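Enquirer: following is a predicted model, sequence given first.
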Amino acid sequence: MPLERNNRLALNGVDCLMLAFDHQLKKNGFAGNLAQIILGIDNRIDITDFRRRLDRISSGFPLIRAALKSRPWKGKPFWVIPLAGVSAFPEVLSHSLSEPPGSPGHAALRRRLLNTPLRIRKGEWIRFDLITFDDQTMEIIMTWHHILMDARGAEYFLHLIGGPDDSRPLSMEEAADGALIPFQKRMASTDMKEKWRLAERAFQRIDRMALLRPVSLFTQRKSRFRPQLDYCIDTFSLPETKEIMDRCRNICGVLNDSAYFLAAALLPLTEVYRQKGIQTRSYIASFPIDLRKIGTRLPMFTNQAGTLLYEFKAEDLSDLRSVAGLFRSQTQDALREDMLFANLCTLELSRFLPTWFYVRKIKKSLRGEIASLVFANPGATFQGLSGFMGEPVRYQYHVPTVVAPPGIGVVYYFFSGRLQITLVFVEGMLSREEARDYLAAIRGRLLTGN
Amino acid sequence: MTIENSREQIEVRLLEFLREEVFDALVTLDEHTPLLESGFDSLALLRLMNFTEQHLGIRIPEEEITESRIKTVRSLAEWIDALGTEQQTGP
């Protein structure tokens, strides 16, 4: 593992982007750049056993209670990994609810937990909340800070805690080193001059997008919103999922689910804009792409996602087939023009800048905006999380934080073969009713293909 | 494309590319591995299309992609070989 002197581990460019988003969120009063995985199980697990497993895993990975050091203009941010000592983190908190799962009290608790910050200055990067219900069912919520890891890494970490006790221990190299990822290998062998050239190309593309000024739902009225996030989740049945995937294949061809999903999310968003009287000449969708090789969730404690930005002119958003076509052609162009790597180069170079600088540069280019919608399609959740401490997992949800602006994000993923959507939004920017209507409209588009 | 790009050579190059750039070593990959079941996704497909265009000189028309053509490395190589011949001789 490439530990630098004094037990330091440098953050990569994507980690630094997460740090910049954290700064942006906190500047607007939000809890920070957090994310959650929620596991639902039918029988309560033994909390003492859970704590024992967590302590065992935590002691193997002291990085999860490391101190983050960042010195603007003086070098890249880095972790200082504690060599020894005990820590109160990760904390495990128990909540007992007399109301049933899905009740308003349950939703309020979930919302509160998403908006409760982690004490990162004290080394709290992960927190566990165990919710027990009167009917003996239980919910395990892992909240983590996105600077530490992405959702793929988080799934694996959770699996290590809840998996069989005899699981193979990971070396720190496997856990935190991205050197084996093809994009990172290429980054290591690319000289600085070429990185600047590619980074410039990425910013030129953003500048071109700014010509048709995008307006997010957040920016114009942000003073009216509470700095809190809320979310709704929709789960499709197995027959519905099959119907959607068949329709997707008929309309968009093989392996084009992202195009179909984005089109189904973007078209009803234009309706939300119309209802709120917000005019925009274009919509920008930010789409993270996992850089790990297929078949692995490692390395765990790092962010390994590139980003592609998509631009859609308002007048082009007419029907699902054409929007999906625009997504496909933009993806092809972006890969042909090496934009995924170019974006990574901007992040690589931004490691040496203050954390706010990169977000400010994008916002300046896009005239105060970052995107209109954050959209993700990470595919199937990790198979290793179909059970937890011997209990079958009945549901698994992903709840990401969304940077504001845009303050709205849609994540598609599959659990147990079923398609699920999490819609995250700034409270008040959409009411819960509006959010549910928006989700229902996405559902309708997916099922009908219109 | 070069005329000597036979199906076998294409297969070797594809396997090399998929092993180095796309699939983790944990995934057993040979010419008969079912790609879609192994997690082959849209981004991997687009990267593969770029690879064949840049390194084999053969363009894969997106509208002609079918599940049977990308089922395995063998079926892919056969299709790409045929496309290469077609693109060499012209319409």
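Expert: That came in fine, so what should we check first?

Enquirer: remind me, longest helix of chain B?
Expert: helix B:73-89 (DSSP state H).

Enquirer: list the beta-bridge partners for the residue nearest the centre of chain A.
Expert: Nearest to the mean C-alpha position of chain A, counting by Cα atoms, centre = their mean, stands A:P400 at 4.7 Å. Counting by DSSP bridges, A:P400 forms beta bridges with A:A35.

Enquirer: next, the contact list for it, please.
Expert: A:A35, A:Q36, A:H146, A:A151, A:V374, A:A376, A:G409, A:V411, A:T422, A:V424 (Cβ atoms under 8 Å, 6 or more residues apart in numbering or on different chains). C-beta coordinates here come from the backbone N, C-alpha and C atoms, glycine included.

Enquirer: out of the residues you listed, which sit inside helices?
Expert: Secondary structure assignment by DSSP H places A:A151 of those in helices.

Enquirer: which among the contacts of A:P400 gets closest to chain B?
Expert: A:A376 (12.7 Å; Cβ to the nearest Cβ).

Enquirer: and the residue nearest to the closest one when sequence neighbours are not counted, what does it touch?
Expert: Distances taken as Cβ to Cβ, 6 or more residues apart in numbering or on different chains place A:V411 nearest to A:A376, at 4.5 Å, with adjacent residues excluded. When contacts are counted by Cβ under 8 Å, 6+ apart, A:V411 touches A:F375, A:A376, A:N377, A:P378, A:H398, A:P400, A:I421, A:T422, A:V424.

Enquirer: ok, now A:T381?
Expert: Taking Cβ under 8 Å, 6+ apart as the test, what A:T381 contacts is A:E155, A:Q396, A:H398, A:Y413, A:F414, A:F415.

Enquirer: list the contacts of the most centrally placed residue in chain B.
Expert: Geometric centre of chain B, nearest residue: B:L76, 4.7 Å, by Cα atoms, centre = their mean. Contacts of B:L76 were listed using Cβ under 8 Å, 6+ apart, and they are B:L14, B:L35, B:L48, B:R69, B:I70.

Enquirer: can you add secondary structure and give those residues back as a markdown table?
Expert: Output for those, formatted as a markdown table (DSSP: H, G, I helix; E, B strand; the rest coil):
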| residue | secondary structure |
| --- | --- |
| B:L14 | helix |
| B:L35 | coil |
| B:L48 | helix |
| B:R69 | coil |
| B:I70 | coil |
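
Enquirer: out of those, flag the one nearest to chain A.
Expert: Of the contacts of B:L76, the one sitting nearest to chain A (Cβ to the nearest Cβ) turns out to be B:I70, at 6.8 Å.

Enquirer: mind checking the longest helix of chain A?
Expert: helix A:257-276.

Enquirer: helices of the stretch 301-450 of chain A, start to end?
Expert: Ranges of helices in the stretch 301-450 of chain A, per DSSP state H, counting those that start in this stretch, are A:320-336, A:339-350, A:355-365, A:432-448.

Enquirer: wait, isn't A:R321 in contact with A:N250?
Expert: No: using Cβ atoms under 8 Å, A:R321 makes no contact with A:N250, being 10.0 Å away.

Enquirer: so, low pLDDT: which residues of chain A?
Expert: Across chain A, the ranges flagged by pLDDT under 70 are A:1-6, A:72-74, A:85, A:166-168, A:355.

Enquirer: fine, thanks again, bye for now.
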